[in-house]
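build me a structure from this.
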Amino acid sequence: MCIRDRFKYELTQTLKKLQERQLENGAFPWFVSGRADLYVTQYIIETLGQLKKLDAIGDESPVLDEIIKRAMNYIDTETLYWYNKNRDLVKNGVYPVHYLGYHYPVSYTHLTLPTSDLV
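Numbers count the residues shown, from 1 in each chain. Below is the predicted model:
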């Protein structure tokens, strides 16, 4: 098996594992059959985004696109929840970690929460 075929096989297997471990709401848990975790989900999306930006993984994978789309939906929902829950802090210039951690993975995926939802 040549390196290119081996890489394609490994990528397919890794995406399959990610897809299997992604929860229904789009989040990823710390452990198999664990509960949703915003930090882990952001970290996975950040890593996938970095790999896409480096052209280490192709853009043509519908499985990858679906994983990212579902995860970003979860991240958007959780970020909006924490933003609204801590709205008074935000008005005073104090941003919860959940909100600040949102921007880095989003910068790699170009999928963002509509600003109309933040009002």
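
only C-alpha atoms for contact and neighbour calcs from this point on.
Will do.

need phi/psi at Gln22.
Dihedral angles of Gln22 (phi, psi; degrees, to the nearest 10) stand at phi -70, psi 130.

burial count for it?
20 (other C-alpha atoms under 10 Å).

can you check Ser61 too?
The number of residues near Ser61, taken as other C-alpha under 10 Å, comes to 11.

distance check, it against Gln13.
Ser61 sits 13 Å away from Gln13, going by C-alpha to C-alpha, to the nearest Å.

how near is Ser61 to Lys53?
Distance, Ser61 to Lys53, using C-alpha to C-alpha: 14 Å.

surely Val63 meets Gln13?
No: counting by C-alpha atoms under 8 Å, Val63 stays clear of Gln13, with 11.2 Å between them.

which residue is the nearest non-sequential neighbour of Val32?
Closest residue in space to Val32, ignoring its immediate chain neighbours: Arg21 at 6.5 Å, by C-alpha to C-alpha, 6 or more residues apart in numbering.
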